[in-house]
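Colleague: Next input, structure requested:
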Amino acid sequence: MDNLYISGAVGLVAFMLMYKWYKILAPLILLGLLGFGIYSIFG
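Modeller: Model prediction:
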């Protein structure tokens, strides 16, 4: 039971970190794609 609880807590923390990083990285990825599109059109 302890191992299940620990693995669940670790999974929850990992999910929260991934969600936080995704919220930070998603706009950067979108901006990167937008910049690449503009560069490919005008470059």
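Colleague: Give me the mean pLDDT for the strand or helix carrying Ala9.
Modeller: If you go by DSSP states H and E, Ala9 is part of helix 2-42. The average pLDDT within helix 2-42 is 89.
Colleague: Run the chain-centre distance for it.
Modeller: Here helix 2-42 is found 0 Å from its chain centre; the criterion is C-alpha atoms, centre = their mean, to the nearest Å.
Colleague: going forward can the numbers begin at 444, since that is how I track them
Modeller: Done: numbering now begins at 444, and the last item shifts to helix 445-485.
Colleague: other SSEs contacting that helix?
Modeller: For helix 445-485, there is no helix or strand it packs on, judged by 3 or more C-beta pairs under 8 Å, 6 or more residues apart in numbering; DSSP states H and E. C-beta coordinates here come from the backbone N, C-alpha and C atoms, glycine included.
Colleague: What about Leu471, how many residues nearby?
Modeller: A total of 9 residues lie near Leu471 under the criterion other C-beta atoms under 10 Å.
Colleague: For Ala452, see how far away it is.
Modeller: Note on Leu471: its distance to Ala452, by C-beta to C-beta, to the nearest Å, is 29 Å.
Colleague: what's the answer for Leu473, then?
Modeller: Using C-beta to C-beta, one gets 32 Å for the distance from Leu473 to Ala452.
Colleague: Likewise for Tyr482?
Modeller: 44 Å.
Colleague: Kindly report the same for Pro470.
Modeller: Distance of Pro470 to Ala452, computed by C-beta to C-beta: 29 Å.
Colleague: same thing with Ile467?
Modeller: Relative to Ala452, Ile467 is positioned 23 Å away (C-beta to C-beta).
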